[in-house]
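# how does the following fold in three dimensions:
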Amino acid sequence: QVQPVESGGGSVQAGGSLRLSCAASLLTSCIYDMSWYRQTPGKEREFVSRIAPDDNTTYADSVKGRFTISRDNAKKMVYLQMNSLKPEDTAMYYCQVDRRYSIWCRAASYWGQGTQVTVFS
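Model prediction:
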């Protein structure tokens, strides 16, 4: 069972940095896309960044140039380096793992419990 576990959240002053981590029990025979989303109370969960198995990355416009997603397949980890943080980045950040369909693996999507990021001015 893939169960993403996030860590690294906290409180930081605007302009500061945080690095989020996500650990997941990935099967080496399967292929995964890994993403970060965030959500604030009363709002829908929004996409932040995604990294494909070939390390192709995508970012929301609001974080481009400030956030960097990366993955360590050997450690089965995905990271989100967040620089130049702004108060509007305050949210619960969630790791999502998407397992792609193959002849060995069933397609599935998994979410972590989230880690809180608070940016104060």
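# residues contacting Q116?
Contacts for Q116 (C-beta atoms under 8 Å, 6 or more residues apart in numbering) come out as 9-10, 91-93. From N, CA and C alone the C-beta is placed, and that goes for glycine too.
# just those: which are in helices?
Among these, DSSP state H puts none in helices.
# which of those sits closest to I51?
Lowest distance from I51 to the contacts of Q116 (C-beta to C-beta) belongs to Y93, with 14.8 Å.
# dump the residue contacts of the closest one.
6, 9, 20, 36-38, 48, 80, 114-117.
# can you say which of those are buried?
The neighbour-count criterion (16 or more other C-beta atoms under 10 Å) marks 6, 9, 20, 36-38, 48, 80, 114-115, 117 among the contacts of Y93 as buried.
# out of the contacts of Y93, which one sits closest to T58?
V48 (9.7 Å).
# I'd like the distance from the residue nearest to the spatial centre of the chain to I103, if you could.
Residue closest to the mean C-alpha point of the chain, counted by C-alpha atoms, centre = their mean, is W36 at 2.6 Å. Distance of W36 to I103, computed by C-beta to C-beta, to the nearest Å: 29 Å.
# check which helix or strand the residue of the chain most remote from its centre maps to.
Here the chain reaches farthest from its C-alpha mean at I103, the gap being 26.8 Å by C-alpha atoms, centre = their mean. Under DSSP states H and E, no helix or strand contains I103.
# mean confidence for stretch 77-84?
For stretch 77-84, mean pLDDT is 97.
# likewise stretch 29-39?
pLDDT averaged over stretch 29-39 gives 94.
# name the residues that touch that stretch?
So stretch 29-39 is contacted by 20, 22, 24, 26, 45-53, 69, 71, 78, 80, 89, 91-100, 102, 104-105, 114, 117 (C-beta under 8 Å, 6+ apart).
# next secondary structure element downstream of the helix or strand hosting Y37?
Assessed by DSSP H and E, Y37 sits inside strand 32-39. Once strand 32-39 ends, the next helix or strand along the chain (criterion: DSSP H and E) is strand 46-51.
# can you give me the buried ones in that next one?
48-51.
# dump those residues to TSV, plus distance to S109.
Compiled in TSV, these are given as follows (distance: C-beta to C-beta, whole Å):
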residue	distance to S109
V48	16
S49	16
R50	12
I51	15
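# fine by me, we can end here.
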